[in-house]
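> I would like to see how this sequence folds:
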Amino acid sequence: MKDRRSQQQRGPLINSKEIDTHTAENDSNAPERVYTILAMEDDDIVRQSLAAYLTDRGYKVLEAPNGRVGLEIFHEKKPDLILVDLRMPEVDGLEVIGTVAGESPNTPLIVVSGNNAISNAVEALHLGAWDYLLKPIEDMAILLHAVEISLQRARLIEDNRRYQEQLEELVKKRTAELEETNEALAFENAQRKVIQAQREKLIEVLESKNAELERFTYTVSHDLKSPLITMKGFLGILEKDLGEHCTGDIKEHLDRIDRAADRMFLFLGDLLELSRIGSLVNPPTDVSLTELAREVVDQVNAQIEKHKVQVEIADDMPIVHGDRVRLGEVLQNMIENAVKYMGGQTNPKIEIGMRSGGEESVFFVRDNGIGIDPLFQDKIFGLFDKLDPQSEGSGVGLSLVKRILEVHGGRIWVESEGEGKGSTFCFTLAVPAEVSSADLG
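Alright, predicted model coming up:
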């Protein structure tokens, strides 16, 4: 009982409800069991008297006039309890006790003997007898009590045996399940290690390929500038040599070549810039987005004034940690795009601010310009994707912005209800603390 209590306090691995301790004896709906008692007594009167009394009490009684017959009945009938006299012909009571106790130690043996020698009682109990009664039995209630107590003890022993068997079976079952689970976990862990190793290898290969691609892009964009410079130089020489003859179609063709070269210069410059992001960076610092936005607006003020755009900058944007120069490029690109795509707006306006996005802060540059059709809102962040092929620029700008924000652990997207509804470019950044520019005031 002590072990079971300790197990319950620890939280048992086996639920006691899973063990069937239910027996027919305590089932009120089951028929009452009739126990069989074997009475071994060479005195016919005593034996018959015992049998009659116990039969009247609901027991089934088998009779044996001596030990030899009694053992034969024991082997054949397997009685629930045995009453045995010590002095019997052919096979005496002590030999019977030794045989029965050796073959079936859980069968109750009650000695009913007229021999009141202490030594005989001790020997009988030593051999395996459960109780010892002296004849004559003046009060048969004493016999009945001994029989009931012995049968109850036998039932408890049998219940305990069955409980132990079921417990052992459950332990085996749980052990097998745990071993199976452990094997599955071991296999899963091994698979995870393999996947992790493969992932690390793929990351290593990807980083190597990205570095190679960046080197290639840098080389291509850098090397292609040389022939462009040569081409523009010869264009100038050709135009000078032609002199007064450089008119009409000749002048138009030379100008088109010159403009194409300028676009190529711009394209290669943006491509070179894109290849550097992530590898060539400035030391990260604490950056006030409000102050940075004001600086960028001052830098592009000529364009803003030219198009008469009203710009509003929120005072409560927080401090972020990152590359100040690159973050300035992000804001400059968004502001320039907002100015460029105002369309025919009579009251052009740009708002730069922040809103709550659940667990993250969302920064935005909002305009009331021409807007973007929802079908094309993902496309604009692709490399060289321009919704208006005739517009200025190389089509790399928003790709640069997207790459810069990804390096800073952020992301970018655009919100617009469609053409003529304006656009809101939203982006996120890692904000180390709830500090705003107004707090620095």
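
> my read: residue 428 touches residue 356, true?
No - applying CB atoms under 8 Å, one finds residue 428 not in contact with residue 356, separated by 11.6 Å. In this view, the C-beta of every residue, glycine as well, is placed from N, C-alpha and C.

> Overlap in contacts, the two.
By the contact definition CB atoms under 8 Å, 6 or more residues apart in numbering, residue 428 and residue 356 are jointly contacted by residue 362.

> which of the two has more neighbours?
Neighbour tally, residue 428 and residue 356, criterion other CB atoms under 10 Å: the higher count belongs to residue 428, 17 against 8.

> burial count for residue 331?
If we define neighbours as other CB under 10 Å, then residue 331 has 24 of them.

> Which residue is the nearest non-sequential neighbour of it?
Closest residue to residue 331 apart from its sequence neighbours, by CB to CB, 6 or more residues apart in numbering: residue 296 at 4.6 Å.

> For that neighbour, what is the enclosing helix or strand?
helix 289-299 (DSSP states H and E).

> Could you export that helix as CSV, CA atoms only?
Coordinates of each C-alpha in helix 289-299 appear next as CSV, following Å, rounded to 0.1, in the frame of the first residue of the first chain:
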residue,chain,number,x,y,z
LEU,A,289,12.4,58.4,-38.8
THR,A,290,10.7,61.8,-38.3
GLU,A,291,14.0,63.7,-38.6
LEU,A,292,15.1,61.5,-41.5
ALA,A,293,11.9,62.1,-43.4
ARG,A,294,12.4,65.9,-43.0
GLU,A,295,15.9,65.6,-44.3
VAL,A,296,14.8,63.6,-47.4
VAL,A,297,12.0,66.1,-48.1
ASP,A,298,14.6,68.9,-48.0
GLN,A,299,16.8,67.0,-50.5
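
> Tell me which other helices or strands the helix or strand following that helix touches.
As assigned by DSSP H and E, the chain's next helix or strand after helix 289-299 is helix 301-306. Helix 301-306 is packed against helix 324-340, with contacts defined by 3 or more CB pairs under 8 Å, 6 or more residues apart in numbering; DSSP states H and E.

> what comes into contact with the next helix or strand after the helix it packs on?
Sequence-wise, the next helix or strand downstream of helix 324-340 (DSSP H and E) is strand 349-357. Outside strand 349-357, the residues within contact range by CB under 8 Å, 6+ apart are 289, 293, 297, 309-314, 316-318, 331, 335, 338-339, 361-368, 428.

> In strand 349-357, which of the residues would be classed as buried?
349-354 (16 or more other CB atoms under 10 Å).

> about what we covered before: how many neighbouring residues does the residue nearest to residue 331 have?
22.

> do the one 3 residues further on as well
Using other CB under 10 Å, the number of residues around residue 299 comes to 15.

> Could you find the closest non-adjacent residue to it?
Per CB to CB, 6+ apart, closest to residue 299 is residue 332, 6.7 Å.

> Pull up the gap between that neighbour and residue 295, please.
9 Å (CB to CB, to the nearest Å).

> and residue 313, bridged to which residues?
residue 352 (DSSP bridges).

> show me the contacts for it.
Neighbouring residues of residue 313 by CB under 8 Å, 6+ apart: 290, 293-294, 297, 352-353.

> if we take these, which one ends up nearest to residue 81?
Closest approach to residue 81 among these (CB to CB): residue 353, at 94.7 Å.

> so where's the stretch 1-150 of the chain shaky on pLDDT?
Applying pLDDT under 70 to the stretch 1-150 of the chain flags residues 1-31.

> ok, 50 please
Within the stretch 1-150 of the chain, the stretches with pLDDT under 50 are 1-19, 21-26, 28.

> biggest helix in the chain by residues?
The residue-count maximum for a helix in the chain (DSSP state H) belongs to helix 140-223.

> How far off centre is the helix or strand just after that one?
Toward the C-terminus, helix 140-223 is succeeded by helix 225-242 as the next helix or strand (DSSP H and E). Helix 225-242 sits 66 Å away from the centroid of its parent chain (CA atoms, centre = their mean, to the nearest Å).

> same check, this time on stretch 34-47
Remark: stretch 34-47 is offset 70 Å from the chain centroid, using CA atoms, centre = their mean.

> Kindly export that stretch (C-alpha atoms) in CSV.
Only the C-alpha atoms of stretch 34-47 are listed here, as CSV (Å, rounded to 0.1, in the frame of the first residue of the first chain):
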residue,chain,number,x,y,z
VAL,A,34,-21.4,-21.4,-3.2
TYR,A,35,-18.1,-22.3,-1.7
THR,A,36,-16.9,-25.9,-1.5
ILE,A,37,-15.5,-27.2,1.7
LEU,A,38,-13.6,-30.6,2.1
ALA,A,39,-13.9,-32.1,5.5
MET,A,40,-11.3,-34.8,6.3
GLU,A,41,-12.2,-36.5,9.6
ASP,A,42,-12.0,-40.3,10.4
ASP,A,43,-14.7,-39.9,13.1
ASP,A,44,-18.0,-40.3,11.2
ILE,A,45,-20.1,-38.6,13.7
VAL,A,46,-17.9,-35.5,14.0
ARG,A,47,-17.4,-35.4,10.2
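
> follow-up on the earlier one: surely the residue nearest to residue 331 touches residue 332?
Yes - using CB under 8 Å, residue 296 makes contact with residue 332 at a distance of 4.9 Å.

> Now do the buried residues in stretch 143-163.
By neighbour count with 16+ other CB under 10 Å, stretch 143-163 contains the buried residues 143, 146-147, 150-151, 154-155.

> quick one, phi/psi of residue 89?
Dihedral angles of residue 89 (phi, psi; degrees, to the nearest 10) stand at phi -70, psi 160.

> please begin residue numbering at 591 from this point
Let's use 591 as the start, then, which means that last one is residue 679.

> Return the distance of it relative to residue 942.
On the measure of CB to CB, residue 679 and residue 942 end up 119 Å apart.

> And for residue 760?
69 Å.

> next one: residue 779
For residue 779 relative to residue 942 (CB to CB), the value is 50 Å.

> repeat for residue 631
Separation of residue 631 from residue 942 (CB to CB): 113 Å.

> Give me the below-cutoff pLDDT ranges for the stretch 841-990 of the chain.
Judged by pLDDT under 50, the stretches of the stretch 841-990 of the chain that qualify are 870.

> if you set the cut-off to 70 instead, what comes out?
For the stretch 841-990 of the chain (pLDDT under 70), the answer is 852-871, 947-948, 966-967, 972-986.

> wouldn't residue 920 be in contact with residue 997 here?
No - contact criterion CB under 8 Å: residue 920 and residue 997 do not qualify, at 10.7 Å.

> Who has more neighbours out of these two?
Neighbour tally, residue 920 and residue 997, criterion other CB under 10 Å: the higher count belongs to residue 920, 27 against 15.

> burial of the residue nearest to the more buried one when sequence neighbours are not counted, as a residue count?
Nearest residue to residue 920, sequence neighbours excluded (CB to CB, 6+ apart): residue 991, at 5.1 Å. Neighbourhood size, residue 991 [other CB under 10 Å]: 23.
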